[in-house]
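> would you be able to build a 3D model of this:
(2 chains)
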Amino acid sequence: MREFLKRHRVAISSFLALVVPLFLLYVHGRSPRKTTIVEVALLRLTAPVEAAAADAMAGVKSVWSRYVALVDLAEENARLAKDVEILTAEALAAKELRHENARLRDLLQFKRERQDLETIAAHIIGQDVSPFARVVRVSIDAGSSDGVEEGMPVVSAQGLVGRIKVVSGRYAEVMLAVDARSSINVRVAGKGVSGNLEGTGANDEYSARLLYLQKAEPLVVGDTVVTSGHDKVFPPGLEVGYIRSLEERQRGVYYELQVAPAVNFSILEEVAIVIGHSDADEAEAPAPGKGGER
Amino acid sequence: MRDIAIFLIAFLLLAFESPLLHEAHLAAYAPDMALLVVLYVGLSSRFERGLFLALGLGLLKDGFVMASPVGLYMVIMVIAFMVTYRLSQRLALRSILGVMLLAVVASFGASLLELFLSLVFDRHFGDSSRGPSLVFGAMLPEALVTAPFAPAVFWALDRLDGFLARKSDSVFH
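Residues are numbered from 1 along each chain as shown, chains lettered A, B, ... in the order given. Got it, this is the predicted structure:
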């Protein structure tokens, strides 16, 4: 028997290896049937391993998706940063436009109030700044080709800026009212006091001094100083500044008072050059919009 | 020792195959890893031990493929082993292409056998045309998907044999 098995072991094992699975297949292929012990055993063997494999895959997937998410996050962050940059620039541009719009409205209002003045508008294109960050001279984008001539008054919505000092084809330089070389014939609005306003040329502040011979009535701090028009250079009634202090100093036969300019030269962006004006009511022209009082 | 190691490798391959392919959205085109292991065993093992291992691998696949009746893949793996074992006495696989060709032919054969056995033994298989048409439809893709894995599986098992220093009769002569 043993000899038989040994001699035919290949055939016998092949036979068994085919019959056993075929029998299992026959049993499990029937329908209807109950769950067999073989199926339960296989399930117990494979299910935990399959579950562990699925968990491992889920872990790998999680790590991978987090990594990919981080990559996406970095891209999104860069995109958002760019968006913020663009929007910030747009917001700044809009803010700048709002400010420019307000300034131009003021200038337009000034032109409506002073219809006796023939003006052309210009942008400030350059500023000379003192070591104390004070603007001492400005350049504008209007010149002789626009009809601008030396000595013409330059105004803004706030008041007198100065006069044209140098003119070239399309550009001009403006000497500010606070320049040490500047001298303007002025009067204190509503007070019957006339005199000359001279710039101090101070590096650390915008200031001018009012030189006068005598005052008909007492002055107060804040009184408006306007152009008188007597010098035939500046039209009358342009606001120049305000009395800053009542401390009088005597210079020869003149008395001297400190005047703060009406215009903030540091934030000046647009100006108007007075290229002509009617003389009809020049001596009586009021200070713009303020009735001569601040 | 070698048979246990091969069995464990096949176990791991089958365990990771399903979730891996599912994640890759390739569940419909699963390579037949168990068949590749059986082919290697058929080409490199003694008959009785290889036959026993093929039976075990078939049973293992039956456990993982819950939709088919237990015993189906046991029969297929046993027959695949027997055929490969017979071929191994005449076949010398000298190249990767040869291994891939063997895998394609074996995969086709296994699919046909699966179709035949299912029609004979699985009562539900012939109830509708979905069963046979599914096996027919998957035959070519499965063979094409299985083939590229064959060199890798053969190489890994060959390394295992080398590591265990069982023999020097590498499948790749």
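> any figure for the gap between the residue most central in space within chain B and chain A?
The centroid of chain B falls nearest to B:Leu35 when counting by Cα atoms, centre = their mean (0.3 Å). To chain A, B:Leu35 is 15 Å away according to Cβ to the nearest Cβ, to the nearest Å. For glycine as for every other residue, the C-beta is placed from the backbone atoms N, C-alpha and C.
> so the residue nearest to that residue when sequence neighbours are not counted versus chain A, what's the distance?
Closest residue in space to B:Leu35, ignoring its immediate chain neighbours: B:Ala110 at 5.5 Å, by Cβ to Cβ, 6 or more residues apart in numbering or on different chains. Applying Cβ to the nearest Cβ, the value for B:Ala110 to chain A is 14 Å.
> wasn't B:Ala110 part of a helix?
Yes. Under DSSP: H, G, I helix; E, B strand; the rest coil, B:Ala110 sits within a helix.
> quick one: residues contacting it.
For B:Ala110, the contact set (Cβ atoms under 8 Å, 6 or more residues apart in numbering or on different chains) comprises B:Asp32, B:Leu35, B:Ile76, B:Ala80.
> from those residues, which ones fall inside helices?
Taking DSSP state H, the ones among the contacts of B:Ala110 that sit in helices are B:Leu35, B:Ile76, B:Ala80.
> let's have the residues you listed in JSON lines, adding distance to A:Asp55.
JSON lines is the format used below for the ones in helices among the contacts of B:Ala110 (distance: Cβ to Cβ, whole Å):
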{"residue": "B:Leu35", "distance to A:Asp55": "27"}
{"residue": "B:Ile76", "distance to A:Asp55": "30"}
{"residue": "B:Ala80", "distance to A:Asp55": "32"}
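> pick out whichever of the residues you listed sits closest to B:Ala5.
B:Ala5 has its nearest neighbour among the ones in helices among the contacts of B:Ala110 in B:Leu35, at 18.4 Å by Cβ to Cβ.
> show me the contacts for the closest one.
Neighbours of B:Leu35 in contact, by Cβ under 8 Å, 6+ apart: B:Ile76, B:Met77, B:Ala80, B:Ala103, B:Ala106, B:Ser107, B:Ala110, B:Thr146.
> any idea how far it lies from A:Ile164?
98 Å (Cβ to Cβ, to the nearest Å).
> now B:Ala138
B:Ala138 sits 93 Å away from A:Ile164, going by Cβ to Cβ.
> again with A:Leu210
23 Å.
> ok, now B:Gly58?
Counting by Cβ to Cβ, the gap from B:Gly58 to A:Ile164 is 105 Å.
> on that earlier part again, closest one of the ones in helices among the contacts of B:Ala110 to B:Asp158?
Using Cβ to Cβ, the ones in helices among the contacts of B:Ala110 come closest to B:Asp158 at B:Leu35, 17.1 Å.
> wait, B:Phe136 sits on B:Ser118?
No. Look at B:Phe136 against B:Ser118 with Cβ atoms under 8 Å: they stay out of range, at 11.5 Å.
> which of these two has more neighbours?
The neighbour comparison of B:Phe136 against B:Ser118 (other Cβ atoms under 10 Å in any protein chain shown) goes to B:Ser118, with 21 against 13.
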